[in-house]
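Trainee: Structure for this input, please:
(4 chains)
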2 protein chains.
Amino acid sequence: MKQKISDKIIGRLTLYHSILEDYAQKDIDIISSPQIAFLLNIDDSQVRKDLNCLKNTGKSRVGYLVKDLTRSIEKTLGISKTKNAVIIGAGNLGKALAKYDNFESYGLHVEALFDNDKKKIGSKIEGKNIYNISDLKERVSSDNIEIAILTVPWVSAQEVANIIAQTDIKYIWNFTPKVLKPIEGIHILNENLMGNLLQFTHKVMD
Amino acid sequence: MKQKISDKIIGRLTLYHSILEDYAQKDIDIISSPQIAFLLNIDDSQVRKDLNCLKNTGKSRVGYLVKDLTRSIEKTLGISKTKNAVIIGAGNLGKALAKYDNFESYGLHVEALFDNDKKKIGSKIEGKNIYNISDLKERVSSDNIEIAILTVPWVSAQEVANIIAQTDIKYIWNFTPKVLKPIEGIHILNENLMGNLLQFTHKVMD
DNA sequence: TAGATTGTTAATCGATTAACAATC
DNA sequence: TAGATTGTTAATCGATTAACAATC
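Mentor: Numbering: from 1, shown residues only, chains lettered A, B, ... in the order given. Sure thing, here's the model as predicted:
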């Protein structure tokens, strides 16, 4: 808890977790660092080093217990304490994320969606209400919402971010390609899709 | 072209590009490295170092010309030569990505979508046809499709990846939370959404 | 035992930050 | 000029990889 775990390691831990779920589903009890490393195309000593950040320990000559390791990762990632979020923008991307059941299993609860389209307001997605964006502030203050998932068209992104800034929300997960202006007291994560793709194609194509 | 530009730099260049488009839209001709650095919360000397990878050059005491810099970044990112892609899985996420107009402007052309749902097959999204997944191989070979954007439910992810492996497609951009088994001759990019969010919340919450 | 794997240290590598002369 | 900014080098920092003794 005290020890600092770097971004990179956190990112890999979620991938390990996904692999472990696969193993569990196939009723495999044991996994080794070279096996994980192979699936992710990384170094096996890195896997072991990452896993040493957890207090979990493997067995020489054998490997790690899938069950125990899964639990350790979940504890370290803080999946236990659920964070509440709302999705702002009930277009296809917003709907897709509302249905993304992986969020729940990683401790992210999507409470509701918000939009400005009269046709959408009042309907439901995946059992979650779609509210009017103008009601954001009052609705968010009653529940304990920490995160706004921003999936509006990029032309509206900054404007909506400013609205979010007036609520108690402290984190914006920005799926629009617009770089938002820094806002006092709000942390912004840009989900830079094109950047990720270009990193990939640039590395690999010639 | 010869010089190697790292992943990290490529990712930041797309963010710079997005900022430059903003400036251009507001008819601002000049931008400085501290301005960019402020928006992204990074070091200004890093911005200058990144920009030095381009052959573009700024002006002391003034900054960089927005127009010229935009063009330089576009050239470096290889946006000029369009890559063709198909989206596999015409659910909400697939539809959202089909509509994501940023793809085109960064040189990624989505040719069509594929699904196994009879109700969807034959219809169109954003002017793009939705075809039967069983026709993937033949359709892909006629066009010059390099990339498959994988947006199927995670339970089908590996199965569909194996189908893709039988085509001429060389790159899979995996939006499912399933870690795919390495496939000979195919490059896989895992869009690790939960990892990204957890990196963020872990860094920032306590 | 023999051999595969962990845990861990040391070596390498690369990315970020600091600093500052040169510029206009 | 004075002051802000670039371009670039050096210093720092952190992440990855290599290596190997300890283990069962």
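Trainee: From here on, just use CA atoms for contacts and neighbour counts.
Mentor: OK.
Trainee: helix/strand/coil for residue A:45?
Mentor: Secondary structure for residue A:45, judged by DSSP: H, G, I helix; E, B strand; the rest coil, is helix.
Trainee: Identify the bridge partners of residue A:88.
Mentor: Beta-bridge partners for residue A:88, by DSSP bridges, are residue A:114, residue A:150.
Trainee: Determine the number of other residues adjacent to it.
Mentor: A count of neighbours around residue A:88, defined by other C-alpha atoms under 10 Å in any protein chain shown, yields 27.
Trainee: buried residues in the least confident helix or strand in chain A by mean pLDDT?
Mentor: Using mean pLDDT, DSSP states H and E, the weakest-scoring helix or strand in chain A turns out to be helix A:193-204, at a mean of 87. Within helix A:193-204, the residues scored as buried using 16 or more other C-alpha atoms under 10 Å in any protein chain shown are A:193-202.
Trainee: what comes into contact with that helix?
Mentor: A:175, A:177, B:6-8, B:10-15, B:77-78, B:102-103, B:106, B:173, B:187, B:189, B:191 (C-alpha atoms under 8 Å, 6 or more residues apart in numbering or on different chains).
Trainee: go again using 7 Å as the cut-off
Mentor: For helix A:193-204, contacts defined as C-alpha atoms under 7 Å, 6 or more residues apart in numbering or on different chains pick out B:7, B:10-11, B:14, B:189.
Trainee: ok, the one residue sitting closest to the centre of chain A - contacts?
Mentor: Centroid-nearest residue in chain A, with C-alpha atoms, centre = their mean: residue A:103, separated by 6.6 Å. Each residue near residue A:103 by C-alpha under 7 Å, 6+ apart is listed here: residue A:109.
Trainee: Recalculate using a threshold of 8 Å.
Mentor: A:109-110, B:194.
Trainee: quick one, phi/psi of residue A:130?
Mentor: Dihedral angles of residue A:130 (phi, psi; degrees, to the nearest 10) stand at phi -110, psi 120.
Trainee: should've said residue A:65
Mentor: The phi/psi pair for residue A:65 (degrees, to the nearest 10) is phi -80, psi 120.
Trainee: And for residue A:189?
Mentor: The phi/psi pair for residue A:189 (degrees, to the nearest 10) is phi -110, psi 110.
Trainee: my guess is it contacts residue A:173, does it?
Mentor: Yes. Using C-alpha atoms under 8 Å, residue A:189 is in contact with residue A:173, at 4.9 Å.
Trainee: Alongside DNA strand D, which residues does chain A contribute?
Mentor: Residues of chain A lying close to DNA strand D by C-alpha under 7 Å from any atom of the strand are A:6-9, A:42-43, A:45-46, A:49, A:59-61.
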